[in-house]
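Chemist: here is the input, now give the coordinates:
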Amino acid sequence: SRSARRRFGRALREWALGGGLVIEDDYDGEFRYDRRPVGAFQGTAPEHVVYFGTTSESLSPALRLSWMALPPGLVQPVAEAKLHADSHAEVLGQLALARLIETHDYDRHIRAARLRYGRRRDLLLARLNRAMPGVTLPGVAAGLRSLLLLPGDGPAEADLLAACERRGIALRAASPLWHGPGPGGLHIG
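Modeler: Numbering: from 1, shown residues only. Okay, here's the model as predicted:
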């Protein structure tokens, strides 16, 4: 429930302010379709949160650009550790991303991409429901991938994968994602 999440957020903030350090990953943060993106916890306790993110979904995984917002006391030690671990980071992409952020073009790109990907997800779900009633996409409406679970009386996972392959559609089976026997399905990107 919303009140339980708020209580947990307050308790986590109090724990962090008491000397804890929270590691926050901005995974799929910019691509939430069913509601406004969830705000970063980092904003509630910036001195006690290490906030990570990447542009692999918002721009391209080929750029290999990631970032972190650090509490001021960790900036120097992390910079020192990075210097000794890897002093050859690619610079051109970093400068281009900085420019996109400074001009707010990155924000505009994210908003447009969120609308585009949200429409694609809605279209996928509508077409799947027409073709295979009972199919579900569990979890929150976010990100660039969906897990499609097949109904028990529907086609077998292997048959569906083979049919997709014959049509030139490359998908991954969902069954390897389970630790034991689980429902059949597809991992769609």
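Chemist: relative to residue 21, how far out is the closest residue to residue 97 other than its chain neighbours?
Modeler: Distances taken as C-beta to C-beta, 6 or more residues apart in numbering place residue 65 nearest to residue 97, at 5.7 Å, with adjacent residues excluded. (Glycine included, C-beta is placed from N, CA and C.) According to C-beta to C-beta, to the nearest Å, residue 65 and residue 21 sit 24 Å apart.
Chemist: higher neighbour count, those two?
Modeler: residue 65 (19 against 13; other C-beta atoms under 10 Å).
Chemist: quick check, the more buried one in contact with residue 55.
Modeler: Yes. In this structure, residue 65 sits in contact with residue 55. The criterion is C-beta atoms under 8 Å, and the distance is 4.5 Å.
Chemist: touching both of these two, which residues are there?
Modeler: Common neighbours of residue 65 and residue 55, counting by C-beta atoms under 8 Å, 6 or more residues apart in numbering, are residue 97.
Chemist: can you map out the strands along the chain?
Modeler: All strands of the chain, identified by DSSP state E, fall at 22-25, 49-54, 66-69, 146-149, 172-173, 185-188.
Chemist: where does this structure dip in pLDDT?
Modeler: When residues are selected by pLDDT under 70, those of the chain lie in 1, 28, 87, 153-154.
Chemist: state which helix of it is the longest.
Modeler: Within the chain, and with DSSP state H defining each element, the longest helix by residue count is helix 105-131.
Chemist: so which elements touch that one?
Modeler: Contacts defined by 3 or more C-beta pairs under 8 Å, 6 or more residues apart in numbering; DSSP states H and E place helix 105-131 against helix 92-102, strand 146-149.
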